[in-house]
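*Asks:* here is a sequence with its predicted model. Questions after.
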There are 4 protein chains.
Amino acid sequence: MGTKYGNLVETLVTIDLERPAWEQEGLHNRWHPEIPCYKKMKQNKAYKIECYDWTGGQVGNNDSADDIKYCDLTKIHYLSGPFEVEGAEKGDVLVVEIQDVQPLERQPWGYCGIFAKENGGGFLDKHYPKAAKAVFDFEGIHCSSRHIPGVRFAGLVHPGIIGTAPSHEILAEWTRRETELVESNPDADFVMANLPTEQNAYAGACGLELQSKLAQGGRTIPGRPENGGNCDIKNLSRGSKVYLPVNVDGAKLSVGDLHFSQGDGEISFCGAIEMSGSITLKCSVLKKGMFKLNMKSPMYLPGPVENHYGPGRYLTFEGFSVDEDGKQLCLDTTVAYRQTCLRVIEYLRRYGYNDYQIYLLLSCAPIQGHIAGIVDVPNSCTTIGLPMDIFEFDISPEKDVVKRDLGNCAFANDDLEKGFPLHGELPNFLLDNITK
Amino acid sequence: MGTKYGNLVETLVTIDLERPAWEQEGLHNRWHPEIPCYKKMKQNKAYKIECYDWTGGQVGNNDSADDIKYCDLTKIHYLSGPFEVEGAEKGDVLVVEIQDVQPLERQPWGYCGIFAKENGGGFLDKHYPKAAKAVFDFEGIHCSSRHIPGVRFAGLVHPGIIGTAPSHEILAEWTRRETELVESNPDADFVMANLPTEQNAYAGACGLELQSKLAQGGRTIPGRPENGGNCDIKNLSRGSKVYLPVNVDGAKLSVGDLHFSQGDGEISFCGAIEMSGSITLKCSVLKKGMFKLNMKSPMYLPGPVENHYGPGRYLTFEGFSVDEDGKQLCLDTTVAYRQTCLRVIEYLRRYGYNDYQIYLLLSCAPIQGHIAGIVDVPNSCTTIGLPMDIFEFDISPEKDVVKRDLGNCAFANDDLEKGFPLHGELPNFLLDNITK
Amino acid sequence: MGTKYGNLVETLVTIDLERPAWEQEGLHNRWHPEIPCYKKMKQNKAYKIECYDWTGGQVGNNDSADDIKYCDLTKIHYLSGPFEVEGAEKGDVLVVEIQDVQPLERQPWGYCGIFAKENGGGFLDKHYPKAAKAVFDFEGIHCSSRHIPGVRFAGLVHPGIIGTAPSHEILAEWTRRETELVESNPDADFVMANLPTEQNAYAGACGLELQSKLAQGGRTIPGRPENGGNCDIKNLSRGSKVYLPVNVDGAKLSVGDLHFSQGDGEISFCGAIEMSGSITLKCSVLKKGMFKLNMKSPMYLPGPVENHYGPGRYLTFEGFSVDEDGKQLCLDTTVAYRQTCLRVIEYLRRYGYNDYQIYLLLSCAPIQGHIAGIVDVPNSCTTIGLPMDIFEFDISPEKDVVKRDLGNCAFANDDLEKGFPLHGELPNFLLDNITK
Amino acid sequence: MGTKYGNLVETLVTIDLERPAWEQEGLHNRWHPEIPCYKKMKQNKAYKIECYDWTGGQVGNNDSADDIKYCDLTKIHYLSGPFEVEGAEKGDVLVVEIQDVQPLERQPWGYCGIFAKENGGGFLDKHYPKAAKAVFDFEGIHCSSRHIPGVRFAGLVHPGIIGTAPSHEILAEWTRRETELVESNPDADFVMANLPTEQNAYAGACGLELQSKLAQGGRTIPGRPENGGNCDIKNLSRGSKVYLPVNVDGAKLSVGDLHFSQGDGEISFCGAIEMSGSITLKCSVLKKGMFKLNMKSPMYLPGPVENHYGPGRYLTFEGFSVDEDGKQLCLDTTVAYRQTCLRVIEYLRRYGYNDYQIYLLLSCAPIQGHIAGIVDVPNSCTTIGLPMDIFEFDISPEKDVVKRDLGNCAFANDDLEKGFPLHGELPNFLLDNITK
């Protein structure tokens, strides 16, 4: 027998957009086994969880990238949770079904950002060192941006971060291997790993004792095989099911960093369309699942609903492991993927976008980033499929290019004052042919 | 007004399967601007071209991997061509529409091989150093293998190699950067790049003078941004259109290395289902296209026909840039993809396959290899989507595992005599539960 | 420059679930050009509109179909609107982009009903004359029902009704042709058309004069070429764009009858999963569009997001225009489609469902109903593709059938007391093999 | 152990294109249980079967529709077979996997025809009574026609006819019900059913006794529930599996009427792109399958490879059961689908096609014909989704129409001499605006 209003879904965390994340309950920004569970979940019962945008409110809906440029990375990511899942024990596998992900109706916008090279950087920071931002307005399932006009697409909404708590042993291993990386590269000109720090570590209303332990907590920036975390998988969207290792009793599930849309790779680091939103999920437990599934890393089943462009509607670019200085790398897929990104930028630049706009777009539009060939020494080959239908004009190669006035993304004020190159070289026939 | 039989397609190259490739006209195995064009193509006219399997007939339909183990890599790849495209000039872009790709009706089988670590190796050669082979029989659009039973799938048939001739300048640049790579890694324990060699260089009935020049010809193993070549893109299949730089007048198009099916990455090097077959294609030219498209690397549009499994039918595995010894790499996507491969092997091993069988399967089945996150230092995250419908039994995580007798792939005889480990550790509950 | 909370979407109609539809503003249940516009819409601006379930609250979340059996059809459908679209004039085409459709968070359930033969009936009412009901609970994008266990699927949420007001001339033409139909079939044993009636005609707080005119208003049950209306097109879902004729100045758009999911045909009349919900939409106007597009009937572009099962996952049934008594009809596609429905019922019956459960399921699950052949006299051939992935057990033909305890749908109490056949004949091997 | 050339597929029937079908072995054009099996098939073994075009060579590659106008329908369809399937007994279900379907390499063209109203007619023969033809050239997976320029698409190649032999009882039932239909409609102005006739009945080199029995054989024009036959299902393509009733021992499978492409409905009767070609198939038997599957009509599983346009790339038209004279029909889906066809014709006519060209195109292009709503009395609603990507110009509603010179299809010479209307009314702005 039903009830008049049906099975209303219980909300476990509600965000107050008027206050920053670091003043609110049910949020935390480190991985640590001792962060107390904020609430309990029954198995096979749906819950709704609101999540703050990953920065906890540091970035605004405006036309300057100052907030991106000076964003404090020790404060991120603010995750909702942790939640104790009834019946989950160490060694089990937690099955989380993502039933829905939505932007908050009371804040229908998000943003995609390029972090400055000296503050986090991104996949192309050598080429594009300055901070930039594009604000996206949501209209139902679609989004568009005043900072990257001419483009509009449906979001494949998903959580950037979903993970379970690490055990103490796992936490120690993370610190060991990441510290080793940093220490063995003393001359790196960028931050290779964000090591534990007490600065701005936050775990709600935890007591003093825990606060000091949080200094050892794992940073939330990388995804890791032991607990999932910040995997930024665009297809882990509505209806998908993710299988996570349970490292401590109760699983201690945390979730956050919701994305309205993202391309494979989340190229510009803050490359997804970051938003505050809500996720509805339901957990169950596969007893002794880590053993039975031979699990060393999470896996998932995509949901039955997906953006759909048709294979013939992806203009696809190829990149190889030869860098922009002509240096031959051996099967370096990261270099190949960076080159593929640059090929797209060079191509789209002709329509009137500046490179930073495209870099942002590459990060948040539902591009398909495939590893095409990874064995033909010395070249890796990667491809990026760009859905042509997201553009309001025809970008097919046979079509004549008309350079348009396509505005600009947001930059930091001091960068604009000093000036910097907005894009690489362009064929002359286009420079002579600006339509505005 | 038509003719009774319509516009029959002209065949430019016909392969004689009774003779090895190195005795036949219209084949060559190096990239060099001076290889004379074998035949001419008109624009916008379809031609059919038969292609030998990449080894030129070195590998047979049998149950031993001796032929793989001792395959002579200086002999590969035998490409059909080159073809002069009427009207193509240096600086243009050659548009090749792939109208069809088929196995030869007179040889309806192909193979997928793992090369021994000391002879080419593959993406997982540290883990799986021995040679192995699986022969696939073709039944219409499907294929299956006596060496990997329980699996059957439709091929996404495509050419592994399609490319134009390099100019002399490009050829010199290839040699420069690849030699630099080899020379700056004197201690590498594998072949980082296959440098030019006269040994077994072949260009049909070319005269003596050319033969000595072929010694400088580019090897066909890697794909390269300047001319495409061995890109091994599984989606460059029937109906797709590829845009290639024209580096010399006439374009000098070559094609070969046809694959019945391949997964993203062609993981085991000879990982696609290699076959002799025919390709039907049609060329046109975009005048000054390299300039107009800002082209530094090929691109393509996939065709309208594709294997189709539905997003919810891909069981998807995640891998990170932490290697199997716990070493943390910084955004090393190659390591992340290798770890993802290992996760699939560990998972499928439970059903009764040995690791080499899965390694082969990973290479040739239409897996989806995505770059998921590439900016969250220090971890790259890659995913492999494994289509569950290619298995004759249910591999979903919730389903109990029954270990089956799933036979074996082919190995080299001397390897079998000496013995070597066939797979990594397996949960005990499975070892106790072998059903054969 | 943005605002902190972005462009909040204005809500034009809010439903009070505590009160029936016939006491609320902004709702009406007849098509008539003189119903005053409830609110105005600007072009290219998004609005959110809440819609009552089609019956205006007559059906409850319970285990009896009494409410379906005695549902008062003179009261349906309660539509939200009409809305005046700024700038729309007679002869234009109204372009409505459906930006989102959602169930109400405060009522996460819906229902699918079979109407009794004497009260509306349905496509199979000769075979299944009794009233029945299945209540579905919504969990994010998925739904499931305690009345049809073993099935779960993602909804392709859409409005059953979207249309513009008719002109007086169109209204007269509707009455003429539908009256002619009824009068020329005096012996029909079912209601062939619902003619205008004043009974329960409702248009909000309209005055007395209008109330008497409403007696001439068009009933909302059929879709019609002149204004769209109740087309029940399952793919007119999120992200799609519908092109509607504008028959009166201002267009007077109305929308309602939201469906969480429906199969092609909405087979059981109340066959979709009916719900109260909200729709977000945005209008624009194509001036003189009816002339320019040669429009005599609406058309639409489906959205980019769709449920996705993969063609190979549809078990597809065929039906022909030979009825169940062996009578040959000539190209009667309606009979062919009815036979196809019966084929699915006979097939699924073997698993333990009774026929009424399957009839409900056929109506609301995302089946694909295609016209396969319509010219080979005397037989039409239609197909129904049943997505196999919506079942929790394997329904493929090769798999052995195990009859399960799959519960029951809701029926009317007086029907249950008198008793009636629940399903047609079943193979004996199944009758002997009930597992409960 | 394999063989050098692998498992070559045995060819059971080879067509001689130099001779008409009615002089060749292995072909027949009636359904009858006593037609002797031409060859035997083992279970689970692949065979290749060549099939003549459905008319057996009556139609040519030329620019006149005389051959269509005077095509002798008593001669069709020429099927290949019948084949005895080893082990199949009455009551079993024959599972036929369609492994491949291809045009003949030696005849790479096909045609789509409109039959004259007095000779077979078609779905719109009241509107378009004259014969017409379009010849299509095949280029790999694509086809295009000099008679309908501006369109190009990939074929979803399939057999129009696949079926088993009827038993004597079934044959008698066919004759009974189809005769009853004809006799109870003495005033029909078209042929409602093609009853048995000895004229041109053909069953290869059968003796005199059988020839007289063939006079009672079932005509091949309609598909029928008891044996499948001419179902014209466009998705019964490569990789699909069809389940057919076995009515006589050995099954006696026949196949033919191969189509390069067809839209849902095969609207113009000879509406698919008819071709001579080959089909590769493999049979197995489900013992007592008719009983176990409760089978009264065939069913099938589509293959994993399908043309792919993306839901958002289908411009979709709606039609209702109100005919072109304003007459209201009650749930007449056939009328609704005919109206939907007319809507597409009116729309595409604006670009410069004449109506007969579009009628042909509607029949052969991969349109999606759905039954949208079939229960809202009195209107059925059907939709046709037209893939926009098959046109070489942009047909979206927002785009300005430029009328083009799009040539003409083939007509019969005597029709051209007398003259007849080529299309319905067109908006004046287009008539003034012819670009040629």
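*Replies:* Great, that's in hand. These numbers were taken from a predicted model, which means no experiment stands behind them.
*Asks:* going forward, measure contacts between C-alpha atoms and count neighbours the same way
*Replies:* Will do.
*Asks:* ramachandran angles for A:Y47?
*Replies:* According to degrees, to the nearest 10, the main-chain angles of A:Y47 amount to phi -130, psi 150.
*Asks:* confirm for me that it is in contact with A:K282.
*Replies:* Yes. Counting by Cα atoms under 8 Å, A:Y47 sits close enough to A:K282 to count as a contact (6.4 Å).
*Asks:* buried set for stretch A:179-193?
*Replies:* The neighbour-count check on stretch A:179-193 (16 or more other Cα atoms under 10 Å in any protein chain shown) flags A:T179, A:L181, A:V182, A:V191, A:M192, A:A193 as buried.
*Asks:* what's the spacing between that stretch and its chain's center?
*Replies:* 23 Å (Cα atoms, centre = their mean, to the nearest Å).
*Asks:* repeat for stretch A:389-404
*Replies:* Here the centre of mass of C-alpha atoms in stretch A:389-404, compared against the chain's by Cα atoms, centre = their mean, lies 28 Å away.
*Asks:* distance between the ends of that stretch?
*Replies:* In stretch A:389-404, first residue to last residue: 18 Å (Cα to Cα, to the nearest Å).
*Asks:* swap in stretch A:256-273?
*Replies:* Length of stretch A:256-273, first residue to last, Cα to Cα: 13 Å.
*Asks:* is any residue of it near chain C?
*Replies:* No. For stretch A:256-273, no contact with chain C is found by Cα under 8 Å from any Cα of the partner chain; the gap never falls below 13.3 Å.
*Asks:* picking up where we left off before, which among the buried residues of stretch A:179-193 gets closest to chain C?
*Replies:* Checking the buried residues of stretch A:179-193 against chain C by Cα to the nearest Cα gives A:V191 as the nearest, at 31.8 Å.
*Asks:* how many neighbours does the nearest residue to the closest one once chain neighbours are set aside have?
*Replies:* If the residues on either side of it in the chain are set aside, A:V191 comes closest to A:G120, at 7.1 Å by Cα to Cα, 6 or more residues apart in numbering or on different chains. Neighbour count for A:G120, taken as other Cα atoms under 10 Å in any protein chain shown: 24.
*Asks:* A:E10 too?
*Replies:* Neighbours of A:E10 under the rule other Cα under 10 Å: 12.
*Asks:* burial check on the nearest residue to it once chain neighbours are set aside, number of neighbours?
*Replies:* Of all residues not flanking A:E10 in the chain, A:Y47 sits nearest, at 5.3 Å (Cα to Cα, 6+ apart). Applying other Cα under 10 Å, we find 20 other residues in the vicinity of A:Y47.
*Asks:* who are the contact partners of A:Y47?
*Replies:* A:V9, A:E10, A:T11, A:L12, A:M41, A:T280, A:L281, A:K282 (Cα atoms under 8 Å, 6 or more residues apart in numbering or on different chains).
*Asks:* contacting residues for the fifth one?
*Replies:* The contact partners of A:M41, by Cα under 8 Å, 6+ apart, come to A:Y47, A:F83, A:E84, A:V85, A:E86, A:C283.
*Asks:* rerun at 10 Å
*Replies:* For A:M41, the residues meeting the contact criterion (Cα atoms under 10 Å, 6 or more residues apart in numbering or on different chains) are A:12, A:47, A:83-87, A:250, A:252-253, A:282-284.
*Asks:* export these to JSON lines and append columns for pLDDT and secondary structure.
*Replies:* As requested, these are arranged in JSON lines below (pLDDT from 0 to 100; DSSP: H, G, I helix; E, B strand; the rest coil):
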{"residue": "A:L12", "pLDDT": "97", "secondary structure": "strand"}
{"residue": "A:Y47", "pLDDT": "96", "secondary structure": "strand"}
{"residue": "A:F83", "pLDDT": "97", "secondary structure": "strand"}
{"residue": "A:E84", "pLDDT": "97", "secondary structure": "strand"}
{"residue": "A:V85", "pLDDT": "98", "secondary structure": "strand"}
{"residue": "A:E86", "pLDDT": "97", "secondary structure": "coil"}
{"residue": "A:G87", "pLDDT": "97", "secondary structure": "coil"}
{"residue": "A:G250", "pLDDT": "97", "secondary structure": "coil"}
{"residue": "A:K252", "pLDDT": "97", "secondary structure": "coil"}
{"residue": "A:L253", "pLDDT": "98", "secondary structure": "strand"}
{"residue": "A:K282", "pLDDT": "96", "secondary structure": "strand"}
{"residue": "A:C283", "pLDDT": "96", "secondary structure": "strand"}
{"residue": "A:S284", "pLDDT": "94", "secondary structure": "strand"}
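*Asks:* okay, among the residues you listed, which ones form the most distant pair?
*Replies:* For the contacts of A:M41, the maximum inter-member distance is 18.5 Å, found between A:L12 and A:G87 (Cα to Cα).
*Asks:* tabulate the buried residues of stretch A:179-193 (CSV), appending distance to C:L329 and pLDDT.
*Replies:* What follows is the buried residues of stretch A:179-193, written out as CSV (distance: Cα to Cα, whole Å; pLDDT from 0 to 100):
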residue, distance to C:L329, pLDDT
A:T179, 79, 93
A:L181, 77, 90
A:V182, 79, 91
A:V191, 76, 87
A:M192, 75, 87
A:A193, 74, 89
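*Asks:* could you check how many residues crowd around A:N200?
*Replies:* Burial of A:N200 is recorded as 17 neighbouring residues (other Cα under 10 Å).
*Asks:* so it: helix, strand or coil?
*Replies:* Following DSSP: H, G, I helix; E, B strand; the rest coil, we place A:N200 in the coil state.
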